[in-house]
Every structure is written in structure tokens, then in C-alpha cells.
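Engineer: Everything below, folded, please.
(chains A and B)
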Protein chains: 2
Amino acid sequence: MLKFEHDTFLEYVGKEAVAKREEIEKVVDEISAKGYKNIFLIGSGGTIAMMYPFEYILKSNSTVEVHAEIAAELLVMNNRHLSKDSVCIFASVTGTTKETVAAAEFCKAKGATTIGFVAEPGTPLAEAVDYCISTGHEKHSFDTFFLHLQLLTFRFIHNNDEFPQYEQFAKEIALLPEGIVHALKTFDSRAEQFAIRHKDTGYHMLVGAGNLWGNTYSYAMCILEEMQWIRSKSIHAAEFFHGTLELVEDDTSVILFKGEDETRPLVDRVERFAEKITNELFIIDTKDYPLEGISEEFRKHFAVNLNWALTGRISVYLERERNHPLELRRYYRKMEY
Amino acid sequence: MLKFEHDTFLEYVGKEAVAKREEIEKVVDEISAKGYKNIFLIGSGGTIAMMYPFEYILKSNSTVEVHAEIAAELLVMNNRHLSKDSVCIFASVTGTTKETVAAAEFCKAKGATTIGFVAEPGTPLAEAVDYCISTGHEKHSFDTFFLHLQLLTFRFIHNNDEFPQYEQFAKEIALLPEGIVHALKTFDSRAEQFAIRHKDTGYHMLVGAGNLWGNTYSYAMCILEEMQWIRSKSIHAAEFFHGTLELVEDDTSVILFKGEDETRPLVDRVERFAEKITNELFIIDTKDYPLEGISEEFRKHFAVNLNWALTGRISVYLERERNHPLELRRYYRKMEY
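Structural biologist: This next block holds a predicted model:
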């Protein structure tokens, strides 16, 4: 597969990421024992998008109070729920994202307990937080962040007596990377065909819901817009019928991110509409891929990881077909503003 | 002014809307006295967007627990915070929006206290809720909803001992419609010029933050997309620099919604960037308009109403210049999906 090393993925995500389980549980158990009032999930761009699934998961599986906030807004808005009894969770691949580092310092100054996920220890975010979990590599760091956030989130829910299946869940997580690699092999040619067909498409609509809303938002903004300079609109499946639908014509590219949680019927509904109108409907459905060793009841939670990995295949083929490096930026970190 | 009747606005929003003050306070006082655990703001499309400012206002002015949820998602997601101790607030101009009516029935079945804002009493949403506040007219109903939600929200905050200024605030609200009319007169020719200049523009970027994020999201989806079939991307000012900025070129239309709350510096930052890159930057800044009789400390809360009214001027000129009626739909309520 283009730009994909099977062995590296299984080494980084399959082995090293999973090996952090005990470390993560220790952090969560310590905080749960001490007690806390609420959890803040904080990030910027791709990393706030990465937090949204866990906001959804907490809301729909737990009575723990959760807030997902954009770092730069949190710094100014005077959020009255943020206090010394908050647990604040951050992520930044480079560990240097300005607003995220500033937000971590801000929350710490308020007396909150802070946890950071970064690629490399020793970076500013890693230094700013009380607890730092590092992936050790920038490569596949989001795949690892997802795994770590899953362990962390469900451990908090477990400790709140709302997830007795935690032990089984954490055991199965170790099998996920292998399942993802199998899915990638199956999906890869579809990703390539999509990129070939759409190399000149100037606008895409992305639709998702539930724990895939974050990925939907992120793929539009951080991949299509930032890395390919292609216009895109991410729209929640539950909102699609309140405006965006009117733009769909027979050649409009509509991409659906389908997962397996409670919101699946909302995406089904968009699918029923879109297949009547456009010839350019592209569906990425996690249900199409077996994940060996993963219990049916947990599959919905892993749609995030699987969708993330699958859509990553589209990115590398878009890069190749459009001759537009994913790293190319016009402005970000290239000028002052 | 095109399609604007000064007298009707002052009659509906200035007089009739304001006259509901006592009725709204009675509802809130009754609920506050009984006690509640949290507030759910629920809507679909334009009406969930209308709730976002009040989510922001509650978060930044009160410790009352607040949730803003899309109606269709709330119906399926099993939100663990929704209970008989929740206060659920809905709005629908027609009172018939399917998911919103279903969500009101759903919340009521859970034993929650429900409040609905509609244009006409006797409509399904009005019938489904415990308390119904009606505007009496579809015309200017959003302007009225904003006023009513302001009275309701700040009354809840006041009853929670966090807004001692309530009396003064509620008194000043009565002066707001007159101030808005003055602002509209000043802004009107700018709106017209914008519409003339951009009648063939096929894509707009809309940026806002804080209590104007809802309007930003809504203007893109419910006006440009739904009513004018123009592609648009709404992006939060705090997120703009994490992807969308890369799309800006010298002829890209970037529209900034500037308000006066704590997040203003985030929009300032986008302005500093955009003015360097594009010749098509258009700023709608509430600060440019005096609002006679409104205290400085309350102005930020009224940015929502003012921005809503101002941007409405753009809509009517876009309609005229593009010869595209705002009521025209291809699909919504015209086909089954």
C-alpha cells in the first residue's frame, strides 16, 4: 500500500500504544480516587475534533459531566465550570500548538488536574501538564491518541460504576490494530479510485454523526482544506436537512462517514436522500469491515479508529493524484497573524 | 428599506415581544422555585443555532449546567444527563419541525419540564410542551425568540444568584428594538453594496465566535445554502487557523461576524490575517452601532439580536440581485427522505 508500512503500524499502534495501558489506568485511578467534578476535553483543530467522539461517548454512556472546548476560546470565555476540581485533557502531536499549551497552563493555574497526550516527551505541552502520556513517535500519533483516549475515557466511566465490561474492553483493544490493517487492505483500492475520480473536484460535502462527527469535521478542515486546499463543508447528519441539502446536485460529491453507534439512522437518512440526487455519493462504512476479536457491543466505539485509518488512505492517494504534498502550507506556521 | 417595515418591526419586536416579559418570568420563577438539575437547549438547523448563544452565555456567566443538543441526535443518543430534573427548551417558527416536536415529546415522556417558543399557539410544538411562549407572528419571529430567550436565560441566572442586574437588563431590553432599527438604517446601503458585488460569488467563508458563533453557523447553512443555494463554510474564529485559512486567496469572500463579548480578540486575529490576503473581506461589527439606552455591560449580550437583524438585510438584497427568492426550495418539505 502506498505510504503505509504494515509493520511500523503494528509496532507503534499495535504494540507500543497498547503497552501504555497500565500507565493510563494508574493516572485515571489516582484521579478517580481523589475525586473530581467534571472532565474538560480541550484542543485546537484536529485535536479538538479528536476529543468530540469522547464527549459523545461520555454523554451517552455516563453521568460524568463533560465539556469539550476549543483551547483559544476557553482561554477567554470565563467558563464557570472550570475549577480546581476539573480534570483537563489535552493533546498535541508536536506538543507545541500555542493555544493548547496556553490552555494547559491556564487550567493548571486554576488548580485543575491536567493530562496531556503528545508525540514526544520534553515538548512544551508535556512539560505543562501534571500527567503526560507520550506516543513516542509523530507517525501514527492520532491512531495512538484514539487508543489512549479510549482507555482513559472508559476507565473513568468504569471507575464511576458505569462500565463493568472495562477489563474485556481493554483486552480487546489490543486486537484492534491488526483488524484495522486488514480493513485498510480491503479499502485501499476504493480509496485510490476515489482519488483518481475526484482529483479535480473542487468541493466536497462531508456528513457524519455521533462519535464520527469529530472525524467528519476534521477530515474536511484538516485534510481537504489544510492539506489539499480543497473547499469542503462538514455537516452533522442531523443538521443536513436544515440547509445544506439544497446544494446537492447530480454531480455534487457527498461523502458519508458511517459508524455503528446510536446515530447510524441519521446517516442512513442522508444516504437515502443523497443516492436519489447525486451520482457522486461515497460511503465509508465501518460496518463493512470485520474486526477479529472485537465484541459486537464494542464495535461502535472503535468506529472512530477505523474511520480515521480508512480515510487516511484517501489522503495519500489525493496527494499523489493531485501532485499536492500533504505537508504543503501557504500560511500556517509560515507567517505571523 | 427594501422589504422592511419599520412600524411592524417596532410593533412585533418592540412592543408585543417585550410585553411577554412577565409571562416568561413567571415560568422561570416557577421552575427555579421547584428546582432543576440542568437546562437543555434543543433545536434543529436555525433553531439549534439560535440556542448556541445562550449555551455560551450560560457557560460564561453561570454555574447552571447547560447542554445544547440537536433534536434528532438527542432522540437516539441516550444522553445520560437528560432526566425528570431537566428543563428542556425548544423553538420552532412553524411549530411543526418534525424532530423538534418529537424531541419535545421525548423529553416530556422522561418527565422533564418543557418550554416551547413558537410563532403560533395551537401548533404541534405548542401542544407538546408544558409552557408555550408564542410570538403571535411568523414575521420577525427570530428577533422575538432572541429577546425571549434573553429574558428566560438571564432570569434563570438571576434566580441562581448570579445576575443581580436582571431588573435593569430587562428594562433595557425594551429599548433594543428601536436601537436595532437605527442600526439597520445605517447598515442598509452596505448590505446592498455587498449583494451587488457578490451576486455571482459562488463561495463564502463565514467566521465568528462566542455568542455570535450560532449566527455564523446559521447564516451559512440556513441563508446562503438553504435560501440562496450558495456554497459556504462557517468556521469558528478559534478554529480558522487550523485548516480553513489555507483556502484564502486574494479573491476569497471572507465574512466576519464581530461581536463584543470575551471572544472578540479571536475574531480580531482572523481580521488581521484576512486583511493581508484577500480583497474581499467583509466585516459586520456590532460595535459600529450605538444602541441608545443600552448599558455598556449588556451590549455584548445583544450582539446576537443586532447581528441577526443586520445580516437579514444582506439576505433581501441577495434575493433581489440574484433573482432567487428566499423561499425557494429544491428538496426541503418537497420530497420524502
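Engineer: thinking residue A:322 is in contact with residue A:228, fair?
Structural biologist: Yes - using CB atoms under 8 Å, residue A:322 is in contact with residue A:228, at 6.4 Å. (C-beta placed from N, C-alpha, C; glycine too.)
Engineer: So these two - more neighbours on which side?
Structural biologist: It is residue A:228, of residue A:322 and residue A:228, that has more neighbours when counted by other CB atoms under 10 Å in any protein chain shown, with 22 against 16.
Engineer: Residue of the stretch 201-337 of chain A closest to chain B, please.
Structural biologist: Closest to chain B within the stretch 201-337 of chain A is residue A:242: 2.4 Å, counting by CB to the nearest CB.
Engineer: So that residue is in contact with residue B:44, correct?
Structural biologist: Yes - the pair residue A:242 / residue B:44 is scored as a contact, 5.6 Å apart, by CB under 8 Å.
Engineer: out of those two, which sits in the busier spot?
Structural biologist: Just comparing residue A:242 and residue B:44: by other CB under 10 Å the higher neighbour count belongs to residue A:242, 28 against 24.
Engineer: In contact with the more buried one, which residues?
Structural biologist: B:44-46, B:221-222, B:226, B:332 (CB atoms under 8 Å, 6 or more residues apart in numbering or on different chains).
Engineer: what about 6 Å?
Structural biologist: Applying CB atoms under 6 Å, 6 or more residues apart in numbering or on different chains, we find residue A:242 in contact with B:44-45.
Engineer: what separates it from residue B:110, distance-wise?
Structural biologist: To residue B:110, residue A:242 is 24 Å away according to CB to CB, to the nearest Å.
Engineer: Not counting sequence-adjacent ones, nearest residue to residue A:327?
Structural biologist: residue A:227 (7.6 Å; CB to CB, 6 or more residues apart in numbering or on different chains).
Engineer: oh, I was asking about residue A:231
Structural biologist: Nearest non-adjacent residue to residue A:231 (CB to CB, 6+ apart): residue A:203, at 4.6 Å.
Engineer: again with residue A:82
Structural biologist: Residue A:82's closest residue in space is residue A:110 (CB to CB, 6+ apart), at 5.9 Å.
Engineer: Quick check, pLDDT for the one you found.
Structural biologist: Looking at residue A:110, its pLDDT is 97.
Engineer: Can you name the residues that contact the closest residue to chain B within the stretch 51-200 of chain A?
Structural biologist: Taking CB to the nearest CB as the measure, the stretch 51-200 of chain A has residue A:72 as its residue closest to chain B, at 3.8 Å. For residue A:72, the contact set (CB under 6 Å, 6+ apart) comprises A:99, B:238, B:266.
Engineer: okay if I get those as JSON lines plus pLDDT, secondary structure and neighbour count?
Structural biologist: As requested, those are exported to JSON lines (pLDDT from 0 to 100; DSSP: H, G, I helix; E, B strand; the rest coil; neighbours: other CB atoms under 10 Å in any protein chain shown):
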{"residue": "A:99", "pLDDT": "92", "secondary structure": "helix", "neighbour count": "24"}
{"residue": "B:238", "pLDDT": "96", "secondary structure": "coil", "neighbour count": "29"}
{"residue": "B:266", "pLDDT": "98", "secondary structure": "helix", "neighbour count": "26"}
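Engineer: Check those residues against residue A:255 and report the nearest one.
Structural biologist: residue B:238 (25.2 Å; CB to CB).
Engineer: Residue B:268 is in contact with that closest one, correct?
Structural biologist: No - counting by CB atoms under 6 Å, residue B:238 stays clear of residue B:268, with 12.0 Å between them.
Engineer: give me the number of residues near residue A:314?
Structural biologist: By other CB under 10 Å, 24 other residues sit near residue A:314.
Engineer: tell me which element it is part of?
Structural biologist: Assigned by DSSP states H and E, residue A:314 belongs to helix A:296-322.
Engineer: Mind checking the pLDDT average for that helix?
Structural biologist: Here the average pLDDT along helix A:296-322 is 98.
Engineer: For it, could you pull out the residues that count as buried?
Structural biologist: A:298-322 (16 or more other CB atoms under 10 Å in any protein chain shown).
Engineer: Skip the chain neighbours and tell me the closest residue to the closest residue to chain B within the stretch 1-150 of chain A.
Structural biologist: Of the residues in the stretch 1-150 of chain A, the one nearest chain B is residue A:45, at a distance of 2.4 Å by CB to the nearest CB. Of all residues not flanking residue A:45 in the chain, residue B:242 sits nearest, at 2.4 Å (CB to CB, 6+ apart).
Engineer: And residue A:198, by the same measure?
Structural biologist: residue A:253 is the one closest to residue A:198 (CB to CB, 6+ apart), at 6.2 Å.
Engineer: ok, that neighbour - contacts?
Structural biologist: The neighbourhood of residue A:253, defined by CB under 6 Å, 6+ apart, consists of A:201, A:204, A:280.
Engineer: re the thing from before, ok, and which of the buried residues of helix A:296-322 reach chain B?
Structural biologist: Among those, proximity to chain B is found for none (CB under 6 Å from any CB of the partner chain).
Engineer: Spell out the secondary structure type for residue A:41.
Structural biologist: Three-state assignment for residue A:41 (DSSP: H, G, I helix; E, B strand; the rest coil): strand.
Engineer: related to what we said a few turns ago, next helix or strand past the helix or strand harbouring the residue nearest to residue A:327?
Structural biologist: Assigned by DSSP H and E, residue A:227 belongs to helix A:226-228. Downstream of helix A:226-228, the next assigned helix or strand under DSSP H and E is strand A:231-236.
Engineer: Identify the neighbouring strands of that following strand in the sheet and state each direction.
Structural biologist: Here strand A:231-236 is paired, per DSSP bridges, with strand A:203-208 (parallel).
Engineer: rewinding a little: how deep is the residue nearest to residue A:327 tucked in, by neighbour count?
Structural biologist: So residue A:227, with other CB under 10 Å, has 20 neighbours.
Engineer: Now that it has come up, it's in contact with residue A:326, right?
Structural biologist: Yes - using CB under 6 Å, residue A:227 makes contact with residue A:326 at a distance of 4.4 Å.
Engineer: Now do the phi/psi pair for residue A:94.
Structural biologist: Note on residue A:94: its backbone torsions stand at phi -80, psi -20 [degrees, to the nearest 10].
Engineer: With residue A:324 instead?
Structural biologist: Taking degrees, to the nearest 10 as the convention, residue A:324 sits at phi -130, psi 100.
Engineer: Please name the nearest non-neighbouring residue to it.
Structural biologist: Nearest to residue A:324 is residue A:228, by CB to CB, 6+ apart, at 5.7 Å.
Engineer: now do residue A:279
Structural biologist: Closest residue to residue A:279 apart from its sequence neighbours, by CB to CB, 6+ apart: residue A:250 at 5.6 Å.
Engineer: what's the answer for residue A:105, then?
Structural biologist: Computed as CB to CB, 6+ apart, the closest residue to residue A:105 that is not its neighbour in sequence is residue A:128, at 5.3 Å.
Engineer: Also residue A:285?
Structural biologist: Leaving aside its chain neighbours, residue A:285 sits nearest to residue A:258 (4.0 Å; criterion: CB to CB, 6+ apart).
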